[in-house]
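Engineer: With the sequence up front, the predicted model follows.
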Amino acid sequence: MKQSDALRKRQALMARLPLTGEIVRGSLLERAIRPHGERCAKCASGEGHALWVLTVSYPGGRTRQISLRGEQVEAARRWLGNYQELKNALEVICELNHALLRPEPEAAKPVGDGRDRGATSAAQLWRRADQRGSDGSVGNLDGAC
């Protein structure tokens, strides 16, 4: 991948990032609690009561569970989706940055006989890469329009 293509893709991806405070890491689980009392018909039947929980794991095997009210579940789903979208975008950006750190294929080829005279400098190679078109062509070499 060309450096200019990687930069363009990275910029486009960064423009679409969900940059918001509405983000959370974890998993949304629906659990049932039972029995909490003998007089409750749901608990007596064994059905129990539905409860939504946001579960977050931490290093060292610790887990934190946060009980959510019914009206909080949709917000939690949206925030979890924002987290996943941001995490996936960061992975793609890192891959693009890896491509930017690698030399262009033309720059990696040995130039000359190893001596300094007549060797192409890295700056010259970068300028050549910048002059290339989207199809890989160097452009108009004969000066004609």
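Structural biologist: Okay, I see it.
Engineer: Might you report the residue contacts of residue 76?
Structural biologist: 24, 28, 52, 54, 68 (C-beta atoms under 8 Å, 6 or more residues apart in numbering). Heads up, the C-betas are built off the backbone N, CA and C, glycines and all.
Engineer: Got the confidence number for residue 118?
Structural biologist: pLDDT for residue 118: 48.
Engineer: repeat for residue 108
Structural biologist: 53.
Engineer: sorry, back to before: now, the contacts of residue 76 that are in strands?
Structural biologist: 28, 52, 54, 68 (DSSP state E).
Engineer: Averaged pLDDT, the longest helix anywhere in the chain. What do you get?
Structural biologist: Identified as the longest helix of the chain according to DSSP state H is helix 73-101. Throughout helix 73-101, pLDDT has a mean value of 91.
Engineer: quick one: buried residues of that helix?
Structural biologist: Judged by neighbour count (16 or more other C-beta atoms under 10 Å), helix 73-101 contains these buried residues: 76, 79-80, 82-83, 93, 96.
Engineer: Can you turn the buried part of the contacts of residue 76 into a ChimeraX selection?
Structural biologist: To isolate the buried members of these in ChimeraX, using 16+ other C-beta under 10 Å:
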select :24,52,54,68
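Engineer: With pLDDT added, can I get the contacts of residue 76 in JSON lines?
Structural biologist: What follows is the contacts of residue 76, written out as JSON lines (pLDDT from 0 to 100):
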{"residue": "24", "pLDDT": "93"}
{"residue": "28", "pLDDT": "96"}
{"residue": "52", "pLDDT": "95"}
{"residue": "54", "pLDDT": "96"}
{"residue": "68", "pLDDT": "95"}
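Engineer: Of the contacts of residue 76, which is the nearest to residue 88?
Structural biologist: Residue 88 lies nearest to residue 24 out of the contacts of residue 76, by C-beta to C-beta, at 15.6 Å.
Engineer: if you go through the chain in chain order, where are the helices?
Structural biologist: Counting by DSSP H, the helices of the chain are 3-15, 41-45, 73-101, 105-108, 122-131.
Engineer: Give the bridge partners for residue 49, please.
Structural biologist: residue 33 (DSSP bridges).
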